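Engineer: Predicted model and sequence below, questions to follow.
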Amino acid sequence: MAIKQIQTSKSAELTVEEFKEWLKRFDTDKDGRISREELRQAIRRIGGRFSAWKSSRGIREADANGDGYIDDAEIEKLVAFAQRNLGLRIVEYNY
């Protein structure tokens, strides 16, 4: 399913897979990882304020190996960050 825009209302839910697919749209260099700048663009797309600060914080919180990028192994931490700080509802599965 192609996700063009994420709704940030409390009733909208995404699965982790839908969230990952949405993030891929911002992987401009197609390296399979999300950089701070790519995360900033994603945050701006959903209307997030302070996108530079939030993207830096998101990378710091989710980047377990310290390489400055979020890869598939680190996505769960980014999901937790997005739920706490961006108002997104991300669930394991849609029922």
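Structural biologist: Looks like it came in fine.

Engineer: How much space separates G48 from A73?
Structural biologist: G48 sits 24 Å away from A73, going by CB to CB, to the nearest Å. For the C-beta atoms, the positions are set from N, CA and C on the backbone; glycine is no exception.

Engineer: Strands of the chain, residue ranges please.
Structural biologist: For the chain, the strands defined by DSSP state E occupy 14-15, 34-35, 69-70, 90-91.

Engineer: Which residue is the nearest non-sequential neighbour of Q83?
Structural biologist: I90 (5.7 Å; CB to CB, 6 or more residues apart in numbering).

Engineer: Which one of G48 and A73 is surrounded by more residues?
Structural biologist: G48 (19 against 9; other CB atoms under 10 Å).

Engineer: And the average pLDDT for stretch 18-33 is what?
Structural biologist: What stretch 18-33 shows for mean pLDDT is 95.

Engineer: Offset the numbering so it begins at 51, please.
Structural biologist: New numbering, starting at 51: the last item is stretch 68-83.
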